[in-house]
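coords below, sequence missing:
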């Protein structure tokens, strides 16, 4: 939860998060999921290593500028992480964009559920087939999943 806060402490600070992945090779996965807590709002970014694509998802579509800034910082993190863990430069071009045509929340409190569902659907390579009216169900379902320690 505090990854992005720590990364951006005193400007950009890779050293603040460098050890967070010491036991994991994030580049061995198809996707890297970045849940982002921005003061009072949850968003999500995903780096798809198969496509070398970094996408930012915001259920309130707050700010294109903020989204691009976050993508630039995460691209820098990915390159620093690769250099640190693999001992070389990340040679692939990373395309970045802010997702525009995605489900939007209609209140001020469902951003966390939206971020979780974005991640869930993206990890399964599914199109987003939900909207605000599904959030009550997803909130209950997520509670059950947490209690069971298993995704339904």
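Perfect, thanks for sending it. Only a predicted model underlies this, so the values are computations on that prediction, with no experimental measurement involved. Numbering: from 1, shown residues only.

Backbone dihedrals for residue 45, please?
Main-chain torsions, residue 45, degrees, to the nearest 10: phi -130, psi 150.

That one - nearest residue in space that isn't next to it in sequence?
Nearest residue to residue 45, sequence neighbours excluded (C-beta to C-beta, 6 or more residues apart in numbering): residue 34, at 4.1 Å. C-beta here means a position set from N, CA and C on the backbone, and glycine is covered the same way.

if I pick the one you found, what's in contact with it?
3, 4, 44, 45, 46, 47, 74 (C-beta atoms under 8 Å, 6 or more residues apart in numbering).

are any of these buried, and which?
Applying 16 or more other C-beta atoms under 10 Å to those, the neighbour count classes 3, 4, 44, 45, 46, 47, 74 as buried.

where does the chain have low pLDDT?
1 (pLDDT under 70).

which residues in it form strands?
Ranges of strands in the chain, per DSSP state E, are 31-38, 41-48, 53-57, 95-98.
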